[in-house]
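Predicted coordinates and the sequence they were generated for:
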Amino acid sequence: MGVLTDGADWRCYRRGPAGELEEVTRHEVNPLQPEPAALCVWLEAILATQEAIKPTPREIDRRIGADSPGQALERATLRDHWEADLTSPEPRLKRRLWACLLTTAFGAYFTDDDAPFVEHTYLVLTAEGMADAAVGLVPGSIPPSALVTGRRFADVGIHGVADTDFFDWVLGAPGGEAFVATLARRLERFDWSAVEHDVLKHLYESVIDERQRHQLGEYYTPDRLADLMVWELVAHPQHHLVPDPVCGSGTFLFHAVRRYLAAADPTGVGNAKALAGVTGAVFGVDVHPVAVILARVTHLLAIGPSRLRRERGELTVPVYVGDSVQWQTYQRAQRDDRLILHTDDDRGLFTDELVFLASVLADPGRFDRLVRELADLAVRRE
């Protein structure tokens, strides 16, 4: 990309897939009321040179929000990757499965289109890059595939953050791995230890337009209200379970995790015990697969980089895809130590039963790792 200017009119261009120049974004300086700070923010969002930026909602909007030039470049590049990869059967299959799941969740209110699929991919990759930076992993030292599929998090004993899913199609696109690496480096310039809010909620509201969010019934709770409710209602965090059955991007989870850890510190419990306690006490469920990934990272950011980088045991982020309202009623049967789910629901996805040991289901983290291992085995053709 490049920037062309006459000193007052600033235009950012990129080279398109066919080699043509495409204007992505521009900034015009008002000669009567020049704002040098606004121009500096515009340039920094493109060049990504500043470090230790505090990730407030305002800075998120200015530097990686929908109106920032940096995101305009990234989304245009990601759109090119998607269009270049359409001939491959794998991304088409993942897009179809994504559409099937969201149609199940939202019915006729969901619009099956390429644009939201690319937007969701961008949101998920951004969230995983935030998690990478918060844990302290160095983007240049790991292959992008390890970040997107979650292998790198598993290597440091953190599970349930990222998985092989609909949105890793970008790894197979020409230039896709370089895109993921660049995005991760741009996110590393924020100081994720200074997070005070559910920043992913603000990013989601910036990327997904208001009309689409309202059509799907997505209304996010303000952080101040969530914080107040948690402090008023969770009087003894270490003795309460705090589930959010429709967690969205994790606003209530963020403040509940902070509430638990603030109460645990004065008791003198070690870091490992505090993290084991909070992941067992504060958990979330949502039917939207993108919201779940955002909430997982929000849960991780609430714990904070300093705790994640200290001595601790294995950690599983307890946020899951599920339908808490249960509009779909599935038949269940209990036989001995087995839970059997009849999954024939006329959609053609499943036509048989799923059978689980009840003893495995008793530990959500263990069950989550089991499903991940099954998924890994399923893609090993040999």
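Looks like it arrived, so ask away.

When you work out contacts or count neighbours from here on, use the C-alpha atoms and nothing else.
Fine.

so where do the helices sit in the stretch 251-382 of the chain?
Read by DSSP state H, counting those that start in this stretch, the stretch 251-382 of the chain holds these helices, from start to end of the chain: 251-264, 271-281, 289-303, 305-308, 358-361, 364-378.

Could I get the average pLDDT for the fourth one?
Mean pLDDT, computed over helix 305-308, is 89.

what do you get for the first one?
Throughout helix 251-264, pLDDT has a mean value of 94.

Would you mind listing the buried residues in it?
Neighbour counts over helix 251-264 (16 or more other Cα atoms under 10 Å) mark 251-261, 264 as buried.

relative to helix 271-281, how tilted is that helix?
140 degrees (axes from the mean of the first three to the mean of the last three Cα atoms, to 10 degrees).

Which secondary structure elements does helix 251-264 sit against?
helix 223-233, strand 242-244, helix 271-281, strand 282-286, helix 289-303 (3 or more Cα pairs under 8 Å, 6 or more residues apart in numbering; DSSP states H and E).

now the first one, how far from the centre of its chain.
What separates the centre of helix 223-233 from the centre of its chain is 23 Å, taken as Cα atoms, centre = their mean, to the nearest Å.

And the strands in the stretch 51-200 of the chain, which stretches?
158-159 (DSSP state E, counting those that start in this stretch).

shaky segments in it?
Per-residue confidence for the stretch 51-200 of the chain (pLDDT under 70) gives these ranges: 137-142.

Okay, helices next: where are they in it?
57-64, 69-84, 89-106, 114-135, 144-148, 151-155, 176-187, 199-207.

In JSON lines: those, plus mean neighbour count and distance to Ala235.
Output for those, formatted as JSON lines (neighbours: other Cα atoms under 10 Å; distance: least, Cα to Cα, whole Å):
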{"stretch": "helix 57-64", "mean neighbour count": "19", "distance to Ala235": "28"}
{"stretch": "helix 69-84", "mean neighbour count": "19", "distance to Ala235": "41"}
{"stretch": "helix 89-106", "mean neighbour count": "16", "distance to Ala235": "34"}
{"stretch": "helix 114-135", "mean neighbour count": "21", "distance to Ala235": "29"}
{"stretch": "helix 144-148", "mean neighbour count": "22", "distance to Ala235": "37"}
{"stretch": "helix 151-155", "mean neighbour count": "18", "distance to Ala235": "33"}
{"stretch": "helix 176-187", "mean neighbour count": "20", "distance to Ala235": "36"}
{"stretch": "helix 199-207", "mean neighbour count": "21", "distance to Ala235": "25"}
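
Take those and write them to CSV, including distance to Phe166.
Formatted as CSV, the helices of the stretch 51-200 of the chain follow (distance: least, Cα to Cα, whole Å):
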stretch, distance to Phe166
helix 57-64, 23
helix 69-84, 13
helix 89-106, 5
helix 114-135, 8
helix 144-148, 11
helix 151-155, 16
helix 176-187, 15
helix 199-207, 18
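
Determine which of these approaches Asp376 most closely.
helix 151-155 (10.5 Å; Cα to Cα).

which outside residues touch the closest one?
Contacting residues not belonging to helix 151-155 are listed as 132, 142, 146-147, 159, 161-163 [Cα atoms under 8 Å, 6 or more residues apart in numbering].

what do you get if the cut-off is 7 Å, keeping everything else the same?
For helix 151-155, the surrounding residues in contact (Cα atoms under 7 Å, 6 or more residues apart in numbering) are 146, 159.

repeat for stretch 294-313
127, 131, 134-135, 161, 193, 198, 200, 248-250, 253-254, 257-258, 271-272, 317, 319.

returning to that earlier point: can you check which of the helices of the stretch 51-200 of the chain gets nearest to Ile46?
Nearest to Ile46, of the helices of the stretch 51-200 of the chain and by Cα to Cα, is helix 69-84 at 4.7 Å.

Quickly note the distance from the residue lying closest to Ile46 once chain neighbours are set aside to Ala76.
Leaving out its chain neighbours, the residue that sits closest to Ile46 by Cα to Cα, 6 or more residues apart in numbering is Gly70, at 4.7 Å. Distance, Gly70 to Ala76, using Cα to Cα, to the nearest Å: 10 Å.
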